[in-house]
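Novice: Sequence plus the predicted model coming up.
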Amino acid sequence: MKTNSQDVRIMWDKIGAGLSGLCLIHCLIMPVFAAAMPWLGMLIEDERIHLGFAAVTVPVAIIAFIPGFLKHHRRSVLAVGMAGAALLLLGALGHEFVPHQLEHWFTVLGGMLLVSGHYLNFRFGSKCCSQELCGKHNG
């Protein structure tokens, strides 16, 4: 039987997976649009779009992964999600730290990890198990 807190956790994972997926799609189609229509590519490549995705996606990840971890105790799921959030942030903010070409790939990999992490968080958080059983799975 689902409780209200389970519904809220599931909602945040769905929102997070959707936002991360949109970010991933944006990053994958951006080079195609930039090559086909340079004026549209300049609009889509605007740095503010990347900052906007990161500003929304990273807090949603934190809101989804922390309570999920407290439910299922799987450090690997938390690590995947937080690595995805970190890479997404590095891609959005890292222009001073990493080459421009790597920013794009950090963002793509971050989006893929976030989508995967939200899926795993949802899957393990939705399983009906006692805290004792969940606590044994720390990997």
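Specialist: Cool, the structure landed.

Novice: got any ranges where this structure has weak pLDDT?
Specialist: 1-3, 5-6, 26-27, 30-46, 128-139 (pLDDT under 70).

Novice: in stretch 63-79, what's buried?
Specialist: Counting neighbours by 16 or more other C-beta atoms under 10 Å, one finds that the buried residues in stretch 63-79 are 63-69, 71-74, 77-78. C-beta: built from backbone N, CA, C; applies to glycine.

Novice: how near is residue 68 to residue 16?
Specialist: 10 Å (C-beta to C-beta, to the nearest Å).

Novice: Which stretches in the chain count as helices?
Specialist: Along the chain, counting by DSSP state H, helices occupy 4-36, 38-44, 47-72, 75-93, 100-126, 131-135.

Novice: center of this structure, which residue is that?
Specialist: What sits nearest the mean C-alpha location of the chain, by C-alpha atoms, centre = their mean, is residue 114, with 2.7 Å.

Novice: got the contact list for residue 122?
Specialist: Each residue near residue 122 by C-beta atoms under 8 Å, 6 or more residues apart in numbering is listed here: 10, 13-14, 17, 68.

Novice: hmm, try it at 6 Å
Specialist: By C-beta atoms under 6 Å, 6 or more residues apart in numbering, residue 122 lies in contact with residue 13.

Novice: before we move on, what about residue 13?
Specialist: Counted by C-beta under 6 Å, 6+ apart, residue 13 has contacts 64, 118, 121-122.

Novice: With adjacent residues omitted, what lies nearest to it?
Specialist: Excluding its sequence neighbours, the residue lying closest to residue 13 (C-beta to C-beta, 6 or more residues apart in numbering) is residue 122, at 4.1 Å.

Novice: Repeat that for residue 56.
Specialist: Per C-beta to C-beta, 6+ apart, closest to residue 56 is residue 19, 6.0 Å.

Novice: Would you mind measuring from the one you found to residue 69?
Specialist: With C-beta to C-beta as the criterion, residue 19 and residue 69 are 19 Å apart.
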